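**Student:** here is my input; please provide its structure:
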Amino acid sequence: MSNSIKLAILGLGTVGTGVINLINDNLNELKRRSGHDIIITEVGTRRHRDDIDPNIMQNSDLMATAASDNVDIVVEVIGGTTLAKDVIMHAIKNGKHVVTANKALLAEHGNEIFAFAEEHNVHVAYEAAVAGGIPIIKVMREALAANKIDWLAGIINGTGNFIMTEMRDKGRPFADVLSEAQELGYAEADPTFDVEGIDAAHKLALLASIAFGIPLQFDKVYCEGITGITLQDVNYAEELGYRIKHLGFAVRRDGQGNDEASGIELRVHPTLIPQDALLANVNGVKNAVLVNSHPLGQTLYCGDGAGAGATASAVMADVMDLVRVLGSKDSSDESNSNQNNHGHHVPHLAFIPEQLSDTPILRAEQMITGYYLRVHAYDSPGVLADITRILSDAGINIDAILQKPAHKVGQVPVIILTLPVVESQMNLAIEKIEKLDTITDKVVRIRLDELA
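**Tutor:** Numbers count the residues shown, from 1 in each chain. Below is the predicted model of the structure:
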């Protein structure tokens, strides 16, 4: 067997502890697969831990650990976008390979970090940053490398999926389910990143870059959360043969229609999808990503998107890749101590950096989807005719209409499903509908996608 590969783990929370446990539990298996002993030599932690092997150095100075001569690979699981960035850049500067689960950091600063890694001839691996234990990064960077990806759609936040599942299956209101999610540890005390879609948007930015060979552009992702979803809409969607899921979409548009712009849609929002769609039955805290590519077609990747075991599994998959990179160098040649066969390694964003494209990211008003509209109106003659006329004048085709019994005296909810349309057209139509004297409230809109 070859020499040992030495790891530093920065952060001993749920994921960091999970990585230590995984290595201890599967030490022999890791050696059999890699041909090397994988040894944790240092950990970065703010306070001393009595449950850590005394042979492992504990250091509160994370920068020192990131640059230690006794470390080959730095595993960053401290989170955040400030200290974590400083530590990763310092590790790269000192010739260390990096494994991170930090989707927010990469989505917001990944272009800079990856360029710095290229400059210093090291790798930054990030399988654990998206969808936990599902190997979606590896699949898209490697297994689908010969395919042209047309679109992907994903349930990429387990908290949101848990909430939507409980609302549908048990008829529970949003606030009630959110409280339980916090009690179970699925949601943070401040759940904003989960329920407002920010966490999913971070992950989507990464997936889109790998899918289409574009720079990371988190600031251009359209982001809408689930806080406005009501039981009323969940039930109406079910009655119409749909389910509401919180999805992230990355879609390549070729501008073939008269009103269609050419570019890439990056959007996260609640979505009606058919009850028999592959993603419709991914429930609880599970994650799933559906990829449509040519010539392969649709493929679905599903599993645990969070938790110590799932995330540690993804972290160690990256570690194993880097162990092989390190092990392939000529260890007897000290002058090549930092060489890593860079030219034979998969690029950070799947495409050669010089070949990343400047394909435009479409603005929200250029997006194309179907729509679910819930309109509350006075129960008077001609109301439905006025609504359908406005939609028709805007070039919007109606797929289904459902008129429900009055919830308030003299007022009725009208549910309309439309075929796909450019968002700007729908914006104008809704504005006109809301100006009708017979309309009693704001129009509720939820996007709809057949995933076909």
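**Student:** from now on I want contacts and neighbour counts done on CA atoms only, so please keep to that.
**Tutor:** Will do.
**Student:** which residue ranges form the strands in the stretch 51-200 of the chain?
**Tutor:** With strands called from DSSP state E, counting those that start in this stretch, the stretch 51-200 of the chain shows them at 57-59, 73-76, 97-100, 124-125, 148-155.
**Student:** give the pairing partners of the last one; include direction for each.
**Tutor:** Using DSSP bridges, strand 148-155 pairs in its sheet with strand 242-254 (antiparallel), strand 286-294 (antiparallel).
**Student:** give the buried residues for the last one.
**Tutor:** For strand 286-294, the neighbour count (16 or more other C-alpha atoms under 10 Å) marks 286-293 as buried.
**Student:** what of the first one?
**Tutor:** Along strand 242-254, these residues count as buried under the neighbour rule (16+ other C-alpha under 10 Å): 242-253.
**Student:** other residues contacting it?
**Tutor:** 150-156, 160-161, 164, 200-201, 204, 207-208, 225-226, 234, 237, 260-275, 280 (C-alpha atoms under 8 Å, 6 or more residues apart in numbering).
**Student:** again, 7 Å this time
**Tutor:** 150-155, 160-161, 164, 200, 204, 208, 234, 237, 262-275, 280 (C-alpha atoms under 7 Å, 6 or more residues apart in numbering).
**Student:** could you pull out the helices for this structure?
**Tutor:** For the chain, applying DSSP state H gives helices covering 14-25, 27-34, 62-66, 83-93, 103-119, 136-138, 158-170, 174-183, 192-195, 198-212, 231-239, 308-327, 383-393, 423-434.
**Student:** distance from the chain centre to the shortest one, please.
**Tutor:** Translated: helix 136-138. Remark: helix 136-138 is offset 12 Å from the chain centroid, using C-alpha atoms, centre = their mean, to the nearest Å.
**Student:** now do the longest one
**Tutor:** Centroid displacement of helix 308-327 relative to its chain, using C-alpha atoms, centre = their mean, is 20 Å.
**Student:** and that helix, what does it pack onto?
**Tutor:** In this structure, helix 308-327 makes packing contacts with helix 14-25, helix 27-34, strand 97-100, judged by 3 or more C-alpha pairs under 7 Å, 6 or more residues apart in numbering; DSSP states H and E.
**Student:** what are the ranges of the strands in the stretch 301-450 of the chain?
**Tutor:** Under DSSP E, counting those that start in this stretch, the stretch 301-450 of the chain gives strands at 368-378, 398-403, 411-422, 444-448.
**Student:** export the shortest one to CSV, keeping only CA atoms.
**Tutor:** Think strand 444-448. Presented in CSV, the C-alpha positions along strand 444-448 are these (Å, rounded to 0.1, in the frame of the first residue of the first chain):
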residue,chain,number,x,y,z
VAL,A,444,-53.2,33.9,-6.3
ARG,A,445,-50.8,32.5,-8.9
ILE,A,446,-48.8,29.3,-8.7
ARG,A,447,-46.7,28.2,-11.6
LEU,A,448,-47.5,24.8,-13.3
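**Student:** ok, residues contacting that strand?
**Tutor:** 270-273, 369-375.
**Student:** show me the shaky parts of this structure.
**Tutor:** 1-2, 257-259, 329-344, 406-408 (pLDDT under 70).
**Student:** closest to the centroid, which residue in it?
**Tutor:** Central residue of the chain (C-alpha atoms, centre = their mean): K203, 2.8 Å from the mean position.
**Student:** before we move on, back to that, so of the helices and strands packed on helix 308-327, which one's packed in deepest?
**Tutor:** strand 97-100 (a mean of 28; mean count of other C-alpha atoms under 10 Å).
**Student:** on that earlier part again, distance to D69 for the buried residues of strand 286-294 - can I get that in TSV?
**Tutor:** Formatted as TSV, the buried residues of strand 286-294 follow (distance: C-alpha to C-alpha, whole Å):
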residue	distance to D69
K286	40
N287	38
A288	40
V289	39
L290	42
V291	42
N292	45
S293	44
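**Student:** now, the most widely separated pair of those?
**Tutor:** K286 and S293 (22.9 Å; C-alpha to C-alpha).
**Student:** residues touching I73, list them.
**Tutor:** 6-8, 96-98 are the contacts of I73 under C-alpha under 7 Å, 6+ apart.
**Student:** meant to ask about H376, not that
**Tutor:** Per C-alpha under 7 Å, 6+ apart, neighbours of H376: 411-414, 439-441.
**Student:** likewise for Y301?
**Tutor:** Applying C-alpha under 7 Å, 6+ apart, the residues contacting Y301 are 134, 136, 288-290.
**Student:** what do you get for A308?
**Tutor:** 14-15, 18.
**Student:** identify the residue spatially nearest to I198, adjacent ones excluded.
**Tutor:** C223 (6.8 Å; C-alpha to C-alpha, 6 or more residues apart in numbering).
**Student:** against the centre of this structure, work out the most remote residue.
**Tutor:** Of all residues in the chain (C-alpha atoms, centre = their mean), P381 lies farthest out, 46.4 Å.
**Student:** buried residues in stretch 56-68?
**Tutor:** For stretch 56-68, burial by neighbour count (16+ other C-alpha under 10 Å) applies to 58-59, 62-63, 65-68.
**Student:** now the terminal residues of that stretch, how far apart.
**Tutor:** Stretch 56-68 has its terminal residues 13 Å apart, counting by C-alpha to C-alpha, to the nearest Å.
**Student:** what sits up against that stretch?
**Tutor:** When contacts are defined by C-alpha under 7 Å, 6+ apart, stretch 56-68 is touched by residues 10, 40-48, 74, 87, 90-91, 94.
**Student:** what distance do you get for the nearest residue to V77 once chain neighbours are set aside to V444?
**Tutor:** Nearest residue to V77, sequence neighbours excluded (C-alpha to C-alpha, 6+ apart): G11, at 5.2 Å. Computed as C-alpha to C-alpha, the G11 to V444 distance reads 43 Å.
**Student:** and if you look at I229?
**Tutor:** 9 Å.
**Student:** cool, H48 as well?
**Tutor:** If you measure H48 against V444 using C-alpha to C-alpha, the figure is 52 Å.
**Student:** ok, A145 next?
**Tutor:** 40 Å.
**Student:** and P295, by the same measure?
**Tutor:** P295 is 38 Å from V444, where distance means C-alpha to C-alpha.
**Student:** same deal with L326?
**Tutor:** Distance, L326 to V444, using C-alpha to C-alpha: 55 Å.
**Student:** out of those two, which sits in the more crowded spot?
**Tutor:** Using other C-alpha atoms under 10 Å, the more surrounded residue of L326 and V444 is L326, with 21 against 16.
**Student:** neighbours around the closest residue to V285 other than its chain neighbours, how many?
**Tutor:** Ranked by C-alpha to C-alpha, 6+ apart and with sequence neighbours excluded, the top spatial neighbour of V285 is G158, at 4.1 Å. For G158, the count of nearby residues is 25 (other C-alpha under 10 Å).
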